[in-house]
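1. for reference, the sequence and a predicted model appear below.
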Amino acid sequence: MKILVAMSGGVDSSAAALILKEQGHEVVGVTMRLWGGESDTGCCSVSDVDDARRVAQQVGVDHLVFNFSEDFNQHVVEPYVASHVAGTTPNPCIECNRHLKFDRLIERGRTLGFDAVATGHHARIVDFNGRPRLARGEDAQKDQSYVVHMLAGADLNYVLFPVGNMEKSEVRSEAARAGLRTASKPDSQDVCFIGSTIGRAGFLEPRLTFNAADVVDGDGKKVGEVPAVELVTLGQRRGLGLGGGDKRYVVAVDVPSRRVTVGDEAQLFVSETPVGSLVWPHDDDEDFVLSHDVLVQGSAHGERSLARLQKSNDGYSLKWARATRRIAPGQTVVFYDDTDTVVLGGGIVTA
């Protein structure tokens, strides 16, 4: 097959290109230029692009660069800023996967006549009841099915995850065997467009207006103050100007009113969570999830909780089997089958 491999400059995508090349496929590597500003973290730095190019040379494949910076700004950066203005907690890496690393890449791959596109994500595509489904990667500690859950329909037949059946140690061993320069390179952990020296506040400050806010208890009594309500997240405990005493957590963020409400940990637990922007691997999966209990994951490596999706005139909500710690509005929830393996869909928590 003729395969377009997304090469981020990390060891996983490097190994993916190597594996496919050694399997006899016609491989072309591509690095997506996404963030146009300064970057020293994540997968968008100049050194990462250089690593991808050099690995492609080592593997013996052509290397391309696609400039998707305008799309990245529109679909990732601008919504990231807007979420802070609205008082929600964004997940930019998921939106990057949704709009760039799969949507745009798949579109470009098909346009150029490739038979498939491949990435270095730790996820698998399996046959489930006669249809392709996204499933967890073999390495439970590195599983990335949560961040690529949006793959659906015909795209499930077009995408390959060459390292999805491997432990991370095996991936590094394969890269080391071939002498790839990325074999021992550390994994990317941070949001690529936020530099390590400026942080989230430094990135947002020139892009929005920070507003101070009162921190109040459940009775509305002021107990502290924060310099920027836009930077406060549900469940936050530090940086609230509360001083010592009992542990108190953010239980509500009201940006328009410039008010942050705190309470004890018990107030973070709920029996129901509203969700929207639902995506399904196949059209009839919604009916299945509405009629079966599913395991729900609310963060990249978070614990799973049992819930039933409900539909009403007000929209959708997850009814938890037992009280579950609240997930911040703007965060993604992903539904798995009862074996905690196969992705059945996903959505975004609403306010």
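-> Great, that's in hand.
2. who's in contact with residue 16?
-> 5, 7, 118, 119, 120, 160, 161, 162, 163 (CB atoms under 8 Å, 6 or more residues apart in numbering). To be clear about C-beta, it is placed using only N, CA and C from the backbone, and glycine gets the same treatment.
3. most neighbours among the residues you listed, which one?
-> residue 7 (34 neighbours; other CB atoms under 10 Å).
4. where's that residue relative to residue 47, distance?
-> Residue 7 sits at a distance of 13 Å from residue 47 (criterion: CB to CB, to the nearest Å).
5. and if you look at residue 16?
-> 19 Å.
6. quick check: which ranges of this structure have low pLDDT?
-> In the predicted model of the chain, residues 37-45, 189 satisfy pLDDT under 70.
7. if we use 90, what do you get?
-> 35-49, 127-130, 186-198, 238-247, 283, 301-302, 314, 351 (pLDDT under 90).
8. point to the residue nearest the middle of it.
-> Geometric centre of the chain, nearest residue: residue 94, 3.1 Å, by CA atoms, centre = their mean.
9. shouldn't that one be in contact with residue 145?
-> No - using CB atoms under 8 Å, residue 94 makes no contact with residue 145, being 11.7 Å away.
10. contacting residues for residue 343?
-> Counting by CB under 8 Å, 6+ apart, the residues that residue 343 touches are 133, 134, 135, 145, 149, 281, 334, 335, 336.
11. which SSE is it in?
-> Taking DSSP states H and E as the criterion, residue 343 maps to strand 343-349.
12. partners of that strand, with directions?
-> The sheet places strand 343-349 alongside strand 269-279 (antiparallel), strand 332-336 (antiparallel), with pairing taken from DSSP bridges.
13. what are the boundaries of the strands in the stretch 151-300 of the chain?
-> 159-160, 213-216, 222-226, 249-254, 259-263, 269-279, 294-297 (DSSP state E, counting those that start in this stretch).
14. quick one on the thing from earlier: residue 275: which of the contacts of residue 343 is nearest?
-> For those, the minimum distance to residue 275 (CB to CB) is 9.8 Å, reached by residue 335.
15. okay, now that closest one: neighbour count?
-> So residue 335, with other CB under 10 Å, has 27 neighbours.
16. equivalent analysis for residue 81, please.
-> Neighbours of residue 81 (other CB under 10 Å): 15.
17. my read is that it contacts residue 208, right?
-> Yes - assessed by CB under 8 Å, residue 81 is found in contact with residue 208 at 5.8 Å.
18. domains of the protein?
-> Per automatic domain parsing, the structural domains of the chain span 2-120+162-177, 209-263, 267-349.
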